[in-house]
Every structure is written in C-alpha cells, then in structure tokens.
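# following is a predicted model, sequence given first.
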Amino acid sequence: MEIGIPPLSETAMDQARKRQQNLTKPPGSLGRLETFSVEIAGITDEPTPELEEAVIATVAGDHGVVAEGVSAFPQDVTAQMVANFAHGGAGVNALANTVDARNLIVDAGVAAAEYPGMDSVVVDKVGNGTDNIATGAAMSRADAEAAIEVGRSVVAEHAPEADIIGLGDMGIGNTTPSAAVTAAITGYPPEAVTDHGSGIDEETFERKVAVVERALENDAPDPEDGIDVLRSVGGFEIGALAGIALEGASRRTPIVVDGFITGAGALVAAQIEPAVTDYLLPSHSSVESGHSIQHEALRLDPLFDLDLRLGEGTGAALGIAVYKGACATLREMATFEEAGVSN
Ligand SMILES: Cc1cc2ncn([C@H]3O[C@H](COP(=O)(O)O)[C@@H](O)[C@H]3O)c2cc1C
Ligand SMILES: O=C(O)c1cccnc1
C-alpha cells in the first residue's frame, strides 16, 4: 500500500516559532499551546494555520467476538447508536456542536443495518461485522485492505475541505479487538492492555482477557505488518480509522486521536506508514489501561484526563477546541510592535 506522507514543513514551523516569540505575552507563557501551534504550522505548511473546518469522523463496525460474551451490551446497540448519531442524540453530537465541528457518521461494517431516511450516514460496509477473533481471523487480507480504503475515501469524498479531523468509533465489543491490536503491535501482554470497556463485571473481564490471549495464539499476526494485524485481530472501523489517518496525513490535515479504539487504528496506521505519527495529535487519556500504552508507542502526550471511557470522538472533540485555540493565538494575537507594547 503506497501512501505518500510529506515531511513536516520546517519553514512554516520556523515562521510560526518566530511569530510566537513576538506576540504580546511573556515568551513561553502560552505553554503547550505555543508548541501545538508550531506543530500544526508544520503539518499544514501554513505559518499561521486556521482551523476553520473541523470534522469528527465517527466510524461504526460490528465484531463477531461478541459471541464470546465480552461486552456488557448487545450487538444491536451499534446500529441503534448510528441512528442516534444521525438524529443528533449522542454524546459526540453534543460535544461536536460545542466546538463547532461537523460530525461525519460512517458505517464501515455494522451487521445487517439500514438507516431509512438518515441520508447523512455514509454507508460503505466492508462486511456485516467481522468474524470471531476467538476462533479465527477477523477478516481476509483483502477485507483489511478494503477497510483502509473505506477510511481513505471517507476523507477524499466526504471531508476533503477539513482543516482538522477528529477520529471516533462505535462498535459493541470493539475494545476486545482494540486490546488484541495493541498487544500485537506494542508487545505488551493481553492483561496489560485489556480493561472493562463499556462496563463489564469481573467474570466477563477474565473471559475477555482469555479471548484476547486466544486470538493472538490462534493466528499470530506479524506485528510489523499493520494490514496483517488488522486482518488477524482488528475490526472494520479500526481499519477505516487507520485509513482516515493515513489519507488525512497525506493531505497535510492534523488528525486528533480519541480513546482506546481510535488509538488501535492509529497504531495500525503507524505500522503501515510510520510518517503518519507526525500528523497525529492526542486528546484525552482514557480510563482504559491500554490507552497509555498506545500513547507511549505513538509518542503522544495526552492533553487532559477527564475519566472519559465513551469513544465516539467525544475526547477528540474537546481536543479540537484546544488545537483551535492554539492556532487562534498564533494567528490573531498582535505582536509587540503592532500593539505598541514595550518588550
Ligand atoms: C449505548 C452505548 C453508546 C456508546 N458509545 C460508545 N460506546 C463505546 O462502547 C463500545 C465498546 O465497549 P465494549 O467493548 O465493552 O462493547 C463501543 O461501541 C464504544 O464506542 C458505547 C457503548 C454503548 C453501550
Ligand atoms: O477509550 C475509549 O474510547 C473507550 C473506552 C471504553 C469503551 N468505549 C470506548
């Protein structure tokens, strides 16, 4: 898979850094906001980037592994939540509205779902849910590649104008494949990266750890090959999220990672094209224990910890507010000279 991701623009970063130093504030007083504005200048190749069009892509898929009893909720909830997104009733809708981001809803592989009258849902299914990773591979290699392509075409066709893209997920059971993907790529043991997802009891938790272990024993994927990891233990939405990150990066669009499932997508993307990591921005630190392991592997330092464990792009939405703010300071503040302030 050939995806050309350009290097960060050193010229734009130098210009942004110089400007930050001349703005009407004590040097460094905007802390990490200054660093972010410089990083986003490098990503976009704009000395004063403006993050006007923010998009949060919430990608849904189902998982055969729910047959093992690894979630607290039934599989039908995935399709029901897609309808809820389309009607504006979910957590991500409220937070996307708060930060003036457009929510883009994608069905990359929800089982047997239709959305009558909900034209805003982009339906591009790789399949009707993955196969059960406790008993075999999640999908074929061709389907893993197709999932990446779904994500790439979502950006090309539905968000080509986006100045920043937040990743979001929906899929009952998807913290289980996310744990398997994270263990496979980072080398951490399943028990270190598996947690309580949407809220399971201890008996279910033990079964879930055993399922992740079994999945990785059954069909040991090549950790260096992101597509192989996706094929073996991934999910359609996880692949599509990786594809969004790769396509966004190739277009110089900053990509904001959300919680544990989007983190798994980001890990897959980084195994396919390591240069994507320059284009990834963190948002929150999820309650899921494996999220910090993903951040360590991707060398991302989260912005805040609000005890979130929802996904959907909720943390990414709040992160976008921070990145918009960072770029607004760089762009809109006056320099000492312009404002006639002594320095
Ligand atoms: C009503 C509802 C809304 C959600 N929105 C996100 N998730 C989150 O929980 C699911 C993953 O947890 P697990 O692996 O334990 O099933 C995913 O759908 C994720 O996006 C939700 C879960 C539920 C129940
Ligand atoms: O980290 C997340 O995004 C998350 C955690 C639990 C359940 N769903 C999502």
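Perfect, thanks for sending it. Numbering: from 1, shown residues only. Ligands and ions are numbered 1, 2, ... in the order given.

# all contacts plus neighbour counts: C-alpha atoms, from now on.
OK.

# domain-wise, how is this protein divided?
The chain breaks down into these domains under automatic domain parsing: 10-50+328-339, 54-321.

# any idea which helix or strand carries Ala94?
Ala94 is part of helix 91-98 when elements are defined by DSSP states H and E.

# same thing with Val268?
Using DSSP H and E, Val268 sits within helix 260-272.

# that helix near ligand 2 anywhere?
Yes - if you take Cα under 6 Å from any ligand atom as the test, helix 260-272 does meet ligand 2, through 260-261.

# could you list the residues in contact with whatever helix or strand comes next after that helix?
If you walk from helix 260-272 toward the C-terminus, the next helix or strand you reach (DSSP H and E) is strand 280-281. By Cα atoms under 8 Å, 6 or more residues apart in numbering, the list of residues contacting strand 280-281 from outside reads 245, 254-257, 300.

# stretch 306-322 close to ligand 1?
Yes - looking at stretch 306-322 against ligand 1 by Cα under 6 Å from any ligand atom, the contacts come from 310-312.

# out of those residues, flag the one nearest to ligand 2.
Looking at those and their distance to ligand 2, the nearest is Gly311, at 3.3 Å (Cα to the nearest ligand atom).

# how many neighbours does that closest one have?
Neighbour count of Gly311, defined by other Cα atoms under 10 Å: 24.

# how about the residues of the stretch 101-250 of the chain by ligand 1?
By the criterion of Cα under 6 Å from any ligand atom, the positions of the stretch 101-250 of the chain lying close to ligand 1 are 169-176, 197-198.

# now do the contacts for Asp14.
Applying Cα under 8 Å, 6+ apart as the definition, the contact partners of Asp14 turn out to be Val38.

# where does it land on pLDDT?
Asp14 carries a pLDDT value of 98.

# just after the strand or helix carrying it, pick out the following helix or strand.
Assessed by DSSP H and E, Asp14 sits inside helix 10-22. Scanning the chain past helix 10-22 towards its C-terminal end, the next helix or strand to appear is helix 31-44 (assignment: DSSP H and E).

# and the angle from that following helix to helix 10-22?
Inter-element angle recorded for helix 31-44 and helix 10-22: 150 degrees (by axes from the mean of the first three to the mean of the last three Cα atoms, to 10 degrees).

# would you mark the buried spots in helix 31-44?
Neighbour counts using 16 or more other Cα atoms under 10 Å place 33-44 of helix 31-44 among the buried residues.

# so which of those comes closest to ligand 2?
When the buried residues of helix 31-44 are compared for distance to ligand 2 (Cα to the nearest ligand atom), Phe36 comes out closest, at 22.6 Å.

# for the closest one, what are its contacts?
Here Phe36 is in contact with 323, 326-327 (criterion: Cα under 8 Å, 6+ apart).
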